[in-house]
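J.: fold the following, please.
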Amino acid sequence: MSQQNFRSILTGSFSTPCDDNPTVAMIEAAYQHHDIDARYINCDVKAEGLKDAVAGAKAMEWVGFNCSLPHKVSVIEYLDELAESAQIIGAVNCVSIRDGRLIGDNTDGKGFLASLKKVTDPSGKKVLLLGAGGAARAIAVELGLASAAHITVMNRDPKKAETIAALVRDNTSAKADVQAWDGDASVPEDVDILINATSIGLGDSETMPPLKIETLRKGMIVADVIPNPPRTRLLREAEGKGCTVLDGLGMLVNQGVICVEHWLGKTLDAGVMEKTLKDIFDAA
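T.: As a prediction, the model looks like this:
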């Protein structure tokens with residue numbers, strides 16, 4: 001008779017506020033589905049408690065944790081090593097603990113890339129990226145590292161957009177420039193991929209980024225980072241124009257899958273995770 005094991009593998013998340021973060025439900029559903037004896041603990045960690053939380057996770061031999069707002073940058077000083085994209089982006093959302101060493105990665109852009117690669121190879125593509133926040137920064141860097149040909153960052157504040165474009169130019173082979181976002185944006189004819197990396201449309205199925213719908217064309221890939229509602233107005237309009245669409249729910253799920261691969265070396269069922277999130281969003 002094999003000896004029973006009463007010790008679960010520990011993973012989790014450090015953020016504040018954390019009450020409305022459904023990642024725990026998504027990942028624990030997948031742990032159960034795969035019969036993995038692991039827990040994902042959603043912790044409310046204030047800025048002044050981050051150092052102790054990281055030390056605690058290490059002391060209790062957690063295998064890894066997510067870092068969400070406001071800790072994505074400040075956590076770096078407590079880590080031993082950074083993956084390439086995390087180093088370039090300057091932010092970490094996924095920490096792995098291996099042999100007592102803390103390794104930081106950024107899966108924000110990798111989740112997007114995993115969705116994108118299901119429909120096309122980003123190599124050699126021209127991209128129009130709307131927004132210049134944390135999501136835009138991570139996505140731009142991952143696209144650059146995946147050999148996109150050209151990325152245009154469009155934002156109301158061109159200075160913020162230029163920071164991201166410079167990051168791409170300085171650290172990847174991609175060309176990158178900036179366009180000011182005044183009024184309704186036109187999508188240039190040579191763009192292969194359009195990405196909404198703003199929060200416009202979050203929790204509201206009728207709003208969308210100010211965009212000239214008629215400049216979307218058949219065959220273009222249109223992606224939206226908004227996970228809820230998954231079918232944003234932008235994506236519905238794009239589908240009507242014959243575009244291939246990618247939703248933010250898939251990106252969020254992929255991000256979780258990649259983190260757990262880092263922590264446990266196992267690939268979780270994305271379908272189980274997506275269904276769990278959909279059910280939560282539908283019930284809200």
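
J.: element containing residue 239?
T.: For residue 239, the host element (DSSP states H and E) is helix 233-240.

J.: check the offset of that helix from the chain's centre.
T.: Remark: helix 233-240 is offset 21 Å from the chain centroid, using Cα atoms, centre = their mean, to the nearest Å.

J.: list the helices and strands the helix or strand following that helix packs on?
T.: Later in the chain than helix 233-240, the nearest helix or strand by DSSP H and E is strand 244-246. Contact partners of strand 244-246 among helices and strands, from 3 or more Cβ pairs under 8 Å, 6 or more residues apart in numbering; DSSP states H and E: helix 108-117, strand 221-224, helix 233-240. In short, each C-beta sits where N, CA and C put it, glycine included.

J.: so which of these gets nearest residue 275?
T.: helix 108-117 (16.5 Å; Cβ to Cβ).

J.: you'd agree residue 9 is up against residue 37?
T.: Yes. Contact criterion Cβ atoms under 8 Å: residue 9 and residue 37 qualify, at 6.5 Å.

J.: just the buried residues of stretch 49-64, please?
T.: Within stretch 49-64, the residues that count as buried by 16 or more other Cβ atoms under 10 Å are 50, 53, 54, 57, 62, 63, 64.

J.: residue 163 contacts residue 132, doesn't it?
T.: Yes. Counting by Cβ under 8 Å, residue 163 touches residue 132, with 7.2 Å between them.

J.: so these two - more neighbours on which side?
T.: More crowded of residue 163 and residue 132, by other Cβ atoms under 10 Å: residue 132, with 26 against 15.

J.: who are the contact partners of the more buried one?
T.: The contact partners of residue 132, taken as Cβ atoms under 8 Å, 6 or more residues apart in numbering, are 153, 155, 157, 160, 161, 163, 164.

J.: closest one of those residues to residue 177?
T.: residue 153 (7.6 Å).

J.: surely that closest one meets residue 164?
T.: Yes. If you go by Cβ under 8 Å, residue 153 and residue 164 touch, sitting 5.0 Å apart.

J.: shared neighbours of the two, anything?
T.: 129, 132, 136, 140, 176.

J.: report the angle between the helix or strand harbouring the fourth one and helix 108-117.
T.: So the one you mean is residue 140. Per DSSP H and E: residue 140 is located in helix 134-145. Angle, helix 134-145 to helix 108-117, by axes from the mean of the first three to the mean of the last three Cα atoms, to 10 degrees: 60 degrees.

J.: centre of the chain to the following helix or strand past helix 134-145, how far?
T.: Counting by DSSP H and E, the next helix or strand C-terminal to helix 134-145 is strand 150-155. Taking the mean of its C-alpha atoms, strand 150-155 sits 18 Å from the chain's own mean (Cα atoms, centre = their mean).

J.: repeat for stretch 165-180
T.: Distance, centroid of stretch 165-180 to centroid of chain: 19 Å (Cα atoms, centre = their mean).

J.: now residue 165: closest residue in space that isn't a chain neighbour?
T.: In this structure, residue 165 finds its nearest non-sequential neighbour in residue 176, 3.9 Å apart by Cβ to Cβ, 6 or more residues apart in numbering.

J.: the one you found: neighbour count?
T.: 24.

J.: that one against residue 168, yeah?
T.: Yes. If you go by Cβ under 8 Å, residue 176 and residue 168 touch, sitting 3.9 Å apart.

J.: residues shared between the contacts of these two?
T.: Contacts common to residue 176 and residue 168, judged by Cβ under 8 Å, 6+ apart, are 140, 144, 151.

J.: confidence score at residue 216?
T.: Looking at residue 216, its pLDDT is 98.

J.: list the contacts for it?
T.: Neighbour list for residue 216: 187, 194, 222, 237, 238, 241, 243 [criterion: Cβ under 8 Å, 6+ apart].

J.: so who does the fifth one touch?
T.: Read it as residue 238. 194, 216, 220, 222, 245.
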